[in-house]
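J.: What shape does this take:
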Amino acid sequence: MSSNFNKTLWEYGRKVEDKVLPLVNSLYDCDFKRNENDIYDILDFRDEEKKKIVEVKGRRVLSTTYKKTLITSSKITAGFMAIEEGYEVYFLFVFIDKIFRYQLEEDASFECKLTGTNCIAHYLIPMSDLTEVLEDPELEEQEHGSLCVG
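T.: Purely as a prediction, here's the structure:
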C-alpha cells in the first residue's frame, strides 16, 4: 500500500458502504458486487447484468452544512468511462442525517477545486442537483461527528 493510504478513512468508508448496500440494491433493483480483490477500485459497486454502478460517499456532516459536496475527479472520470461502456452511474452521498443520490450524465460538467496537502482535483456538485432518497433518524446517532455504523 502507498504511504498516502489512509486506512482509518478507508475502513470508515467500507462501514458506510456495507450499511447502505441493502438500500442501494433496493433503490436500483440490483445485486451489486464489490471488487473485493482491489481496495483501490475507483467505483464501489457494480451490477454487470443490469449495467449499473454506484459509488457511495460517506459524509461526516449534516446535509445542510455546505451548498456543494466534493467528489474526486478520478471518480467522475471513471464514471464517464463506464457510461461510454453502456453503464448507468450513480453517486450516493450518505450524510449523517439524510442520503442523497446523483446520476452522472455524459454531458455533465462541474466546478473544479484543488484540495488537500497533495492538491487533488475535486469536482463540486451543488446540493440542489442531488435527489433525497432517505431521511434516517438512525443516521443522526453519531460518535464524534461521524455516521454511527457500528
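J.: Which helix runs longest in the protein?
T.: In the chain, taking DSSP state H as the definition, the longest helix is helix 7-28.
J.: For the next helix or strand after that helix, name the packing helices and strands.
T.: Note on helix 7-28: by DSSP states H and E, the next helix or strand toward the C-terminus is strand 33-34. Judged by 3 or more Cβ pairs under 8 Å, 6 or more residues apart in numbering; DSSP states H and E, strand 33-34 is in contact with strand 45-47. Every residue, glycine included, has its C-beta placed from N, CA and C.
J.: ok, the strand it packs on: who's next to it in the sheet?
T.: strand 33-34 (antiparallel), strand 52-58 (antiparallel) (DSSP bridges).
J.: My read is that Thr115 contacts Leu70, right?
T.: Yes: counting by Cβ atoms under 8 Å, Thr115 touches Leu70, with 6.9 Å between them.
J.: all helices for the chain, in order.
T.: Under DSSP H, the chain gives helices at 7-28, 73-84.
J.: got CSV for these, with mean neighbour count, distance to Asp129 and mean pLDDT too?
T.: Below are these laid out as CSV (neighbours: other Cβ atoms under 10 Å; distance: least, Cβ to Cβ, whole Å; pLDDT from 0 to 100):
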stretch, mean neighbour count, distance to Asp129, mean pLDDT
helix 7-28, 15, 18, 84
helix 73-84, 17, 13, 95
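J.: now for those, which one comes closest to Val94?
T.: helix 7-28 (5.3 Å; Cβ to Cβ).
J.: Including distance to Ser109, could the helices of the chain go into a markdown table?
T.: Shown next, in a markdown table, are the helices of the chain (distance: least, Cβ to Cβ, whole Å):
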| stretch | distance to Ser109 |
| --- | --- |
| helix 7-28 | 24 |
| helix 73-84 | 10 |
